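1. Fold the following.
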Amino acid sequence: MDQLLLEDILLYILDKVDRESLLNTSLVNRFWRRVALPNVFRWTRISGNWKVAGSQVERILRCDMICSLVHKFIFRVEVWDGTYYTLAGTPLPFSGDRMLPNCHLPTQLVKLLCKMPNLTSLEFFVPEDTTPLFADAFSEDGLRLPSISKLSVSPFCHFLVRLCPGLRQVATSGEWQWMHSRRGALNRSHSFALMKSLAGLPIESFAMWEWWTPDILAALFESLPNLKSLRMSGGGYRLKDHLTILSQFNELESLELASVSYLSVGYHPPKCGSAYDGMTQEEHDFLDRQFTAAKERAIIYVAYACPTVKRLSFSANGSVIIRHNKHGISYFDEETNVFHEISKDMNAVDSELEVDLGYGLEV
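-> Model (predicted):
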């Protein structure tokens, strides 16, 4: 009993320490190795170019014990063709990475994932041009990854969705790569394909970096009308254009939008940091007031359009907790730790946006 109690205490402690400390602890003796190893390999990452990723897959594949301990697995491959140049205009001496994986790697990766019975979270990121190779390898009849509940994928890797019947959370991986996909640059086909693949699944949380448009949001609602959490990060968009569709998510409780300056709610600060150097204190104060007013406009829009939303976040501007009661609507700003009562309706907010706020007239 004492030994079991000691191990429980140690496991709790080890769960709080960093990965390097865990690795060092596992090298002390057999007892510490047995206690620490589950935490060491609970989170496992393979990253690098194809050569590095291939050797790491083979190494882990040879150890069944490690595979059984993995709960979160990240497979991230990024390659460089060596086309960058020095400031003098001469080619760099590095000739570049091998741009395609070993022909056996996709199949070996399938074997590796199938040997992880406790895997609950998978992040999968590969160069866009190689996705057909992995789609073929993962198309094997009967292949399933039932333990996975959280999935993050790079462009055109939606083929993984059908293998994970227990999915609850889905996100896009590689912010820049998703927004600047070469194959989907014009028609955003990678985003529509991912959303379509999720139709009918009990997904509770969805996060995507995109150039959000009403058409994209409408496609998401068609596939996942019962979302509880939605993250709309990425490029700028006009928040008002999305309110009608957002209001139809009747179970939505948590919503994250782009930064306040990207929502067309009356705050457009200078984009270049050097633009602030010559500003007076009065000009800085004006920008602060403008930001506060714009943030509240966004909160009011969401509070009235989406009464089920309890938590509203902005990509770089903190979060607020929204409350509806018989006296009206209020919110708690977690960044300033201040409660606010909403005294304006949406018509009043719209009227405000007709006023020139100094850094661009909103229309």
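
2. tell me the SS of the nearest residue to Ser147 once chain neighbours are set aside?
-> Of all residues not flanking Ser147 in the chain, Leu119 sits nearest, at 5.3 Å (C-beta to C-beta, 6 or more residues apart in numbering). Glycine gets a C-beta too; all of them are placed from N, C-alpha and C. Following DSSP: H, G, I helix; E, B strand; the rest coil, we place Leu119 in the coil state.

3. and the gap between Leu119 and Ala218?
-> Counting by C-beta to C-beta, to the nearest Å, the separation of Leu119 from Ala218 is 33 Å.

4. between those two, which one's more packed in?
-> The residue with more neighbours, out of Leu119 and Ala218, is Leu119; 24 against 14, by other C-beta atoms under 10 Å.

5. Let me know the pLDDT of the more buried one.
-> Note on Leu119: pLDDT of 97.

6. Repeat that for Met346.
-> As predicted, Met346 sits at a pLDDT of 68.

7. do Leu27 as well
-> 60.

8. now do the one 10 residues further on
-> Leu37 carries a pLDDT score of 67 in this model.

9. Also Asp97?
-> So Asp97 comes in at 82 (pLDDT).

10. Then Glu354?
-> In this model, Glu354 is scored at 59, pLDDT.

11. next one: Ser149
-> 98.

12. So it versus His71, what's the distance?
-> 11 Å.

13. Over to Trp43?
-> 7 Å.

14. So which residues of the stretch 101-250 of the chain form helices?
-> Taking DSSP state H, counting those that start in this stretch as the criterion, the stretch 101-250 of the chain carries its helices at 105-114, 131-137, 175-179, 189-197, 214-223, 243-246.

15. so what does the first one touch, helix or strand wise?
-> Here helix 105-114 touches helix 50-61, helix 131-137, going by 3 or more C-beta pairs under 8 Å, 6 or more residues apart in numbering; DSSP states H and E.

16. And the ones you listed: which comes nearest Met195?
-> helix 131-137 (16.9 Å; C-beta to C-beta).

17. Send me that closest one as PDB with only the CA atoms.
-> Provided in PDB are the C-alpha atoms of helix 131-137 (Å, rounded to 0.1, in the frame of the first residue of the first chain):
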ATOM      1  CA  THR A 131      -0.600  14.500 -49.400                       C
ATOM      2  CA  PRO A 132      -1.700  12.100 -52.100                       C
ATOM      3  CA  LEU A 133       1.000   9.600 -51.000                       C
ATOM      4  CA  PHE A 134      -0.300   9.600 -47.500                       C
ATOM      5  CA  ALA A 135      -4.000   9.500 -48.600                       C
ATOM      6  CA  ASP A 136      -3.200   6.300 -50.500                       C
ATOM      7  CA  ALA A 137      -1.400   4.700 -47.500                       C
END
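
18. Figure out how far that helix is from the centre of its chain.
-> 23 Å (C-alpha atoms, centre = their mean, to the nearest Å).

19. out of the helices and strands packed on helix 105-114, which comes closest to Arg297?
-> Smallest distance to Arg297 across the helices and strands packed on helix 105-114 (C-beta to C-beta): 40.5 Å, for helix 131-137.

20. pLDDT value on the closest residue to Ala219 other than its chain neighbours, please?
-> Leaving aside its sequence neighbours, Ala219 sits nearest to Met195 (C-beta to C-beta, 6+ apart; 5.2 Å). On pLDDT, Met195 comes in at 98.

21. need the contact list for the residue nearest to Glu296 when sequence neighbours are not counted.
-> In this structure, Glu296 finds its nearest non-sequential neighbour in His340, 7.2 Å apart by C-beta to C-beta, 6+ apart. Contacts here follow C-beta atoms under 8 Å, 6 or more residues apart in numbering; on that basis His340 touches Glu296, Ser330, Tyr331, Phe332, Asp333.

22. ok, Asp288 to Tyr267 distance?
-> 10 Å.

23. Would you mind telling me which of those two has the busier surroundings?
-> For Asp288 versus Tyr267, the count of surrounding residues by other C-beta under 10 Å is larger for Tyr267: 24 against 11.

24. from memory that one sits against Val260, does it?
-> Yes: assessed by C-beta atoms under 8 Å, Tyr267 is found in contact with Val260 at 5.3 Å.

25. Okay, strands next: where are they in this structure?
-> Per DSSP state E, the chain carries strands over the ranges 43-48, 72-77, 121-125, 150-153, 169-172, 205-210, 229-234, 254-257, 311-314, 319-325, 328-333, 338-342.

26. Using CSV, lay out those together with distance to Arg162.
-> Shown next, in CSV, are the strands of the chain (distance: least, C-beta to C-beta, whole Å):
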stretch, distance to Arg162
strand 43-48, 23
strand 72-77, 18
strand 121-125, 14
strand 150-153, 11
strand 169-172, 13
strand 205-210, 17
strand 229-234, 22
strand 254-257, 26
strand 311-314, 30
strand 319-325, 34
strand 328-333, 40
strand 338-342, 44
